[in-house]
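> got a predicted model here, sequence first, then my questions.
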Amino acid sequence: MSRTHSGTAQVNGNIGIAVQRATDNALAQCYAEINEASITTANRTETQIPAADTVPPRAAAPTAAMPLQSGRRARPGQPIDTVTLGLIENALSNARHEMDAVLFRSAMSPVIREQHDEFPMITDPKVEWSWVNSGPT
């Protein structure tokens, strides 16, 4: 069982797995929100309106492999607003700081534990994009 409270996560005592899962889910949601918006809008030819007496089928719970649906979509060629970019940057920065904290607490190497000589990086599975925050920890 996993849960998130105030930016930290725990999974039955293994915080490293919890942080990785929370980061994966957050990145998948951001990726789906930003990139799929232009694809679905460009490929949509007509909007289907369900009949009044039919209820649309309920989708399964969203996972990292399945993008989430949103009521607000960007149009192709429309720049992403600065608020969205700020939220994404803050979420990735917080994930990086949590990765630092977990690594420092669990490090076997004195170089990492005492000198903080490490550098976390968040990437997608294909390493097509990455997030590296070189600011102070």
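Cool, the structure landed. Computed from a predicted model, the values in this text were never measured in an experiment.
> the protein: helices as residue ranges?
Along the chain, the stretches classed as helices by DSSP state H are 15-43, 82-106, 110-115.
> looking at those, which is closest to Val127?
Counting by C-beta to C-beta, Val127 lies closest to helix 15-43 out of those; the figure is 12.9 Å. Just so you know, the C-beta spots here come from the backbone N, C-alpha and C atoms, and that holds for glycine as well.
> mean confidence for that closest one?
The average pLDDT for helix 15-43 rounds to 71.
> then stretch 115-133?
pLDDT averaged over stretch 115-133 gives 73.
> residues in contact with it: which ones?
23, 27, 31, 92-93, 95-96, 99-100, 103-104, 107, 111-112, 137 (C-beta atoms under 8 Å, 6 or more residues apart in numbering).
> returning to what we had before: pipe the helices of the chain into a markdown table and attach distance to Asp124 and mean neighbour count per row.
Shown next, in a markdown table, are the helices of the chain (distance: least, C-beta to C-beta, whole Å; neighbours: other C-beta atoms under 10 Å):
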| stretch | distance to Asp124 | mean neighbour count |
| --- | --- | --- |
| helix 15-43 | 7 | 16 |
| helix 82-106 | 12 | 15 |
| helix 110-115 | 25 | 11 |
